[in-house]
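Asks: coordinates only, no sequence provided:
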């Protein structure tokens, strides 16, 4: 979390509640949000449904699109098993392929995802539908070698790995729990998300970003209720997105992981969004294109051509957006004697517990506190520190939200 502002809170009858309550959920998006809570492991969310906007049909060259990533202003994808060892850069305005990254020294056995790192690009050749594959690979490409324009032939380094918890390599197409089609890059580790046909869960593994032979570390699992096929990670805002579809019924979905620190995805809020209007669409790839928007790719199926969609995540990930949609605007006055002190009369509030959250101009959370109001409270004073020019404050209660601006 980034901190851009600092400021003092001065209460003249409002006071902070120092007591920690029984942990239930501190996620303001959750149905069981508790303003005084400090954990989000027991959050319950309403059923969420969205219909992503159709962008364009993908070129026939990438009708079996699998991985997806966005950089240099282009949407990059590749085909899965048997395709050429090429990444295709698609112009999102024309929907045409405008660049190609070619890897003459390697083979596309079963490329399933691509991940972007500050210094590297990773290509995951680890598709394992039958559960019998032992030559799982990830190719590493230096981003310094990728030219800003035009096609290029590039060399790679290779990460070899095998899952330490797999001991049976018997062909098993129907209930294999060791397939993998999703990967993201953290600062020092890659993270893999399994596609389990056996139990409809997804296991999360980590392994070093360095070439060589590695055994991924099993970090945990979660009930994905379907097959995970793609992933992307916004390290700036600590947001992870996974996509996939339900086994045999082919209903696409999106999983959002957020509210975690230090790439600890298991200690996060997890929220699922179903995409019923895209029924029978084989969603394969996902990429952040800005902090609140993703693009999704789907390969050709019996019902659809290969195509790309976009989806707005702001209603699910931006707490200030939630405040604007659901909240009540407060009146804020400047103090007569101190121009950097602001006054809010508490008679605008309903009595109860609140989580007070401050945001900067980019909707980054700056700080947050918990306080309680009752009938004796009268005035809340807030002082803006000299280095701060403006701030947005939101008061999240159990069933009501208030927000204000001051500068």
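Replies: Perfect, thanks for sending it. Being a predicted model, the structure only gives us computed values, none of them experimental.

Asks: pLDDT weak spots in the stretch 51-200 of the chain?
Replies: Within the stretch 51-200 of the chain, not a single segment meets pLDDT under 70.

Asks: ok, which stretches of it are strands?
Replies: 53-57, 65-71, 74-79, 86-90, 97-102, 111-116, 120-125, 136-142, 152-153, 157-161, 179-185, 189-195 (DSSP state E, counting those that start in this stretch).

Asks: and these: which comes nearest residue 255?
Replies: strand 189-195 (9.3 Å; Cβ to Cβ). Backbone N, C-alpha and C define where each C-beta goes, glycine included.

Asks: ok, residues contacting that closest one?
Replies: Identification of contacts with strand 189-195 by Cβ atoms under 8 Å, 6 or more residues apart in numbering yields 115, 122, 124, 126, 138, 159, 177-185, 202-209, 216, 219, 227-229, 231, 233, 242, 244, 263, 265.

Asks: repeat that for stretch 197-204.
Replies: 173-177, 179, 182, 191-196, 218-228, 242, 247, 265-266.

Asks: correct me if wrong: residue 360 contacts residue 367.
Replies: No - using Cβ atoms under 8 Å, residue 360 makes no contact with residue 367, being 10.3 Å away.

Asks: tell me which of these two has more neighbours.
Replies: A direct count of neighbours by other Cβ atoms under 10 Å for residue 360 and residue 367 places residue 360 higher, at 18 against 15.

Asks: wasn't residue 367 part of a helix?
Replies: No - read with DSSP: H, G, I helix; E, B strand; the rest coil, residue 367 is strand and lies in no helix.

Asks: how about it: what's its closest non-neighbour residue?
Replies: Sequence neighbours aside, residue 358 is the residue nearest to residue 367 in space, at 5.2 Å (criterion: Cβ to Cβ, 6 or more residues apart in numbering).

Asks: next: residue 325.
Replies: The shortest distance from residue 325 to any non-neighbouring residue, by Cβ to Cβ, 6+ apart, is to residue 315 (7.1 Å).

Asks: with residue 96 instead?
Replies: Of all residues not flanking residue 96 in the chain, residue 59 sits nearest, at 6.6 Å (Cβ to Cβ, 6+ apart).

Asks: and if you look at residue 195?
Replies: Residue 195's closest residue in space is residue 179 (Cβ to Cβ, 6+ apart), at 4.3 Å.

Asks: that neighbour and residue 196 touch, don't they?
Replies: Yes - with contact defined as Cβ under 8 Å, residue 179 reaches residue 196; the gap is 7.3 Å.

Asks: quick revisit: so which of the strands of the stretch 51-200 of the chain is nearest residue 237?
Replies: strand 179-185 (13.7 Å).

Asks: what about the longest helix in the protein?
Replies: Longest helix in the chain, counting residues (DSSP state H): helix 319-326.

Asks: and that one, what does it pack onto?
Replies: When contacts are defined as 3 or more Cβ pairs under 8 Å, 6 or more residues apart in numbering; DSSP states H and E, helix 319-326 packs onto helix 314-317, strand 352-359, strand 391-396, strand 401-406.

Asks: buried deepest among those, which one?
Replies: Of all these, strand 391-396 has the most neighbours on average by mean count of other Cβ atoms under 10 Å, namely a mean of 24.

Asks: what are the contacting residues of it?
Replies: Contacts of strand 391-396 (Cβ under 8 Å, 6+ apart): 5, 7, 28, 33, 35, 319-320, 323, 327, 330, 349, 354-361, 363, 366, 382, 384, 401-407.

Asks: can you list the strands that it pairs with?
Replies: In the sheet, strand 391-396 lines up against strand 352-359 (antiparallel), strand 401-406 (antiparallel) (DSSP bridges).

Asks: who touches the last one?
Replies: By Cβ under 8 Å, 6+ apart, the list of residues contacting strand 401-406 from outside reads 28, 320, 322-324, 326-332, 342, 344, 348-349, 354, 382, 384, 390-395.

Asks: any idea of the angle that strand forms with helix 319-326?
Replies: 110 degrees (axes from the mean of the first three to the mean of the last three Cα atoms, to 10 degrees).

Asks: also the longest one?
Replies: Taking the same axes, to 10 degrees, one finds that strand 352-359 is oriented at 120 degrees with respect to helix 319-326.

Asks: contacting residues around strand 352-359?
Replies: Outside strand 352-359, the residues within contact range by Cβ under 8 Å, 6+ apart are 5, 7, 9, 17, 26, 28, 34-36, 319-320, 365-373, 391-398, 402.

Asks: how is this structure carved up into domains?
Replies: The chain breaks down into these structural domains: 7-45+320-406, 59-305 (assignment by automatic domain parsing).

Asks: what's the first-to-last distance across the longest one?
Replies: From its first residue to its last, domain 59-305 covers 9 Å (Cα to Cα, to the nearest Å).

Asks: residue 155: how many residues sit nearby?
Replies: Neighbour tally, residue 155, other Cβ under 10 Å: 12.

Asks: so the closest residue in space to residue 216 that isn't next to it in sequence bridges to which residues?
Replies: In space, and not counting its chain neighbours, residue 216 is closest to residue 205: 3.6 Å by Cβ to Cβ, 6+ apart. Taking DSSP bridges as the rule, residue 205 bridges to residue 192, residue 218.

Asks: now do the same for residue 205: its pLDDT.
Replies: At residue 205, the pLDDT value in this model is 98.

Asks: before we move on, what about residue 344?
Replies: For residue 344, the predicted pLDDT is 87.

Asks: quick one: which helix or strand includes it?
Replies: Element membership for residue 344, per DSSP states H and E: strand 341-345.

Asks: so that strand versus strand 401-406, what angle?
Replies: 150 degrees.

Asks: next, the buried residues of strand 341-345.
Replies: Under the neighbour-count criterion of 16 or more other Cβ atoms under 10 Å, strand 341-345 has 341, 342, 343, 344 buried.

Asks: make a markdown table from those residues and add distance to residue 282 to it.
Replies: Listed next are the buried residues of strand 341-345 as a markdown table, based on distance: Cβ to Cβ, whole Å:
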| residue | distance to residue 282 |
| --- | --- |
| 341 | 58 |
| 342 | 53 |
| 343 | 57 |
| 344 | 52 |
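
Asks: thinking again about what came up before, which one of the domains of the chain is the most hemmed in?
Replies: Comparing the domains of the chain by mean neighbour count (mean count of other Cβ under 10 Å), domain 59-305 ranks first with a mean of 18.
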